[in-house]
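K.L.:
Pasting a predicted model and its sequence here:
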Amino acid sequence: MVHPVIGTWDVSLKTPIGTLRATYVFHDIDGVPAGTASTAAETVALVAVTCADARVTWRQSVARPMRLHLDFDVVVDGDTLAGHSRAGRLPRTVVTGTRRPPGDGDPDQPAA
């Protein structure tokens, strides 16, 4: 099964402390979606990545800009994604992203 989120994404997270930008790489390991999130400060593994049609959820922990455990819930529509993340009792963070073209930094997608 090809999951709709597979690829490399440029993602913006609109937080109370400003907009954070990250690169997300989603890939498939034996039919199971997996991935990483990278900023200039760190790269972290995504946990419990789940795809249900266009809806994708996952968890991740970050140490910067502060230590947080985040839950994500987004919907993929072609080469865009939109949704939110939440860290405990903090307000929701708006999440948007654009998939990079195939072959542009994504080892799982061949160049066009």
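P.N.:
Structure's in. What do you need? Not measured: the values here are computed from a predicted model.
K.L.:
Tell me the buried residues in the longest strand along the chain?
P.N.:
Ranked by residue count, the top strand of the chain under DSSP state E comes out as strand 18-29. By neighbour count with 16 or more other C-beta atoms under 10 Å, strand 18-29 contains the buried residues 20, 22, 23, 24, 25, 26, 27, 28. Glycine gets a C-beta too; all of them are placed from N, C-alpha and C.
K.L.:
and if you look at stretch 2-18?
P.N.:
3, 4, 5, 6, 7, 8, 9, 11, 13, 15.
K.L.:
Please flag which of those residues sit within helices.
P.N.:
If you go by DSSP state H, these have nothing in helices.
K.L.:
Reformat those residues as CSV; add pLDDT and distance to residue 51.
P.N.:
Below are the buried residues of stretch 2-18 laid out as CSV (pLDDT from 0 to 100; distance: C-beta to C-beta, whole Å):
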residue, pLDDT, distance to residue 51
3, 87, 4
4, 91, 7
5, 96, 6
6, 96, 9
7, 96, 13
8, 98, 16
9, 98, 14
11, 99, 16
13, 96, 20
15, 87, 25
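K.L.:
ok, the residues you listed vs residue 82, which is closest?
P.N.:
For the buried residues of stretch 2-18, the minimum distance to residue 82 (C-beta to C-beta) is 10.2 Å, reached by residue 11.
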